[in-house]
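**Q** Build the 3D model from these lines:
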Amino acid sequence: MAYKYKATMYYSDEETEAFLRDKAVKSNGKKSASHYLYSLVTKERENLMANNDIKGKLVPVQLFPEYVNSREFSVNGSVDFIGLPEVYFPNNGESSLIRQNHKSLMETIDDKILEHVANHFSNHGHEVNDKSFRIVLKTYVACYYCNTSTATGLYSGTFTATCRMITVSRSEWDKCGGVLDFENLRYIKYEAVAQAGRRIPRGLCKVAESSRTDTTGAFFIPVLTLPKKFPEKTLPESVIIKGVDISFSKERLKFKAMNESQKKRYLLKP
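**A** Numbers count the residues shown, from 1 in each chain. Prediction:
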């Protein structure tokens with residue numbers, strides 16, 4: 001058989017010569033060093049192709065037991081916020097106005113939540129010298145509002161926010177082995193977890209919730225492959241608000257302008 005390509009191997013040590021003489025035996029009993037070397041190259045190519053296939057495949061996400069050490073609480077009451085009157089968006093229409101007003105509304109509700117936390121949560125139960133930080137996870141927010149002055153963009157309404165409090169102390173950090181990335185807790189859709197995209201952490205710990213009306217996704221804490229030290233010298237703010245924002249769907253967020261009858265009843269309340 002004629003071959004199109006040729007490669008020559010040069011060597012001078014007797015050990016290599018003896019090794020090739022011993023291995024270079026074909027199935028028919030004849031010796032062929034070139035046949036043996038070609039088989040080695042073929043195997044190497046197959047191994048490289050197999051490794052490339054493995055690298056190209058997405059590594060599945062590992063789901064760890066739910067994180068249950070959080071406390072649910074609710075905040076509700078009246079809310080007043082400054083939005084933008086319609087004259088600010090003569091070309092973009094009502095949707096831009098609503099989005100900007102909802103952003104202002106959510107910021108005001110966040111302030112109400114922080115105020116509630118400051119008044120109702122203390123450091124009781126933790127060591128005096130035990131540095132810690134808290135994560136307030138908004139899992140559901142609803143608000144009915146109306147404009148009390150169309151010209152100036154003044155709005156008023158009533159809201160309710162369901163939250164979970166996660167206190168991350170040194171002892172809690174160590175209890176979790178230092179692998180829970182609390183600061184990067186976020187909402188992830190189940191479909192994204194199943195697809196295991198590149199932006200999805202390889203390990204996830206779902207935050208347990210008492211109510212499971214959302215069938216689309218959940219809040220997850222990324223699980224690190226290697227433990228981290230407790231961030232004693234670089235602690236984040238004492239209270240971090242995470243969770244629901246104005247981009248969430250109706251299972252998690254319900255901001256709705258009052259109709260005329262609702263507005264009338266609301267404004268007539270003492």
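**Q** Over stretch 135-145, what's the mean pLDDT, rounded is fine.
**A** Average pLDDT, stretch 135-145: 97.
**Q** what distance separates it from the middle of the whole chain?
**A** 18 Å (CA atoms, centre = their mean, to the nearest Å).
**Q** in it, what counts as buried?
**A** For stretch 135-145, the neighbour count (16 or more other CB atoms under 10 Å) marks 135-145 as buried. To be clear about C-beta, it is placed using only N, CA and C from the backbone, and glycine gets the same treatment.
**Q** Of those, which belong to strands?
**A** Counting by DSSP state E, the buried residues of stretch 135-145 place 135-145 in strands.
**Q** Of those residues, which is the nearest to residue 83?
**A** Lowest distance from residue 83 to those (CB to CB) belongs to residue 145, with 8.8 Å.
**Q** so the closest one makes contact with residue 155?
**A** Yes - the pair residue 145 / residue 155 is scored as a contact, 5.1 Å apart, by CB atoms under 8 Å.
**Q** what residues are shared contacts of the two?
**A** Common contacts of residue 145 and residue 155 (CB atoms under 8 Å, 6 or more residues apart in numbering): 81, 105.
**Q** thinking again about what came up before, can you add distance to residue 81 and give the ones in strands among the buried residues of stretch 135-145 back as a markdown table?
**A** Formatted as a markdown table, these follow (distance: CB to CB, whole Å):
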| residue | distance to residue 81 |
| --- | --- |
| 135 | 24 |
| 136 | 19 |
| 137 | 22 |
| 138 | 17 |
| 139 | 22 |
| 140 | 19 |
| 141 | 14 |
| 142 | 15 |
| 143 | 10 |
| 144 | 13 |
| 145 | 8 |
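**Q** Closest to residue 254 out of those residues?
**A** Nearest to residue 254 among those is residue 142, at 4.0 Å by CB to CB.
**Q** In space, what's closest to that closest one - neighbours in sequence excluded?
**A** In space, and not counting its chain neighbours, residue 142 is closest to residue 254: 4.0 Å by CB to CB, 6 or more residues apart in numbering.
**Q** same for the helix or strand harbouring residue 256, what does it pack against?
**A** Secondary structure from DSSP states H and E places residue 256 in strand 253-257. If you count contacts as 3 or more CB pairs under 8 Å, 6 or more residues apart in numbering; DSSP states H and E, strand 253-257 packs onto strand 132-149.
**Q** Would you mind writing the CA trace of the strand it packs on as CSV?
**A** Taking C-alpha atoms only, strand 132-149 is exported to CSV below (Å, rounded to 0.1, in the frame of the first residue of the first chain):
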residue,chain,number,x,y,z
SER,A,132,-22.2,39.9,61.3
PHE,A,133,-24.3,41.3,58.5
ARG,A,134,-28.0,40.7,57.5
ILE,A,135,-29.6,40.0,54.2
VAL,A,136,-33.2,41.0,53.8
LEU,A,137,-34.6,39.0,50.9
LYS,A,138,-37.8,40.4,49.4
THR,A,139,-39.8,37.4,48.2
TYR,A,140,-43.1,39.2,47.4
VAL,A,141,-44.1,42.8,47.1
ALA,A,142,-47.5,44.3,46.3
CYS,A,143,-48.7,47.9,46.2
TYR,A,144,-51.9,49.7,45.1
TYR,A,145,-51.3,53.4,44.5
CYS,A,146,-52.8,56.5,43.0
ASN,A,147,-51.6,59.9,42.0
THR,A,148,-52.7,62.6,44.5
SER,A,149,-51.4,65.4,42.3
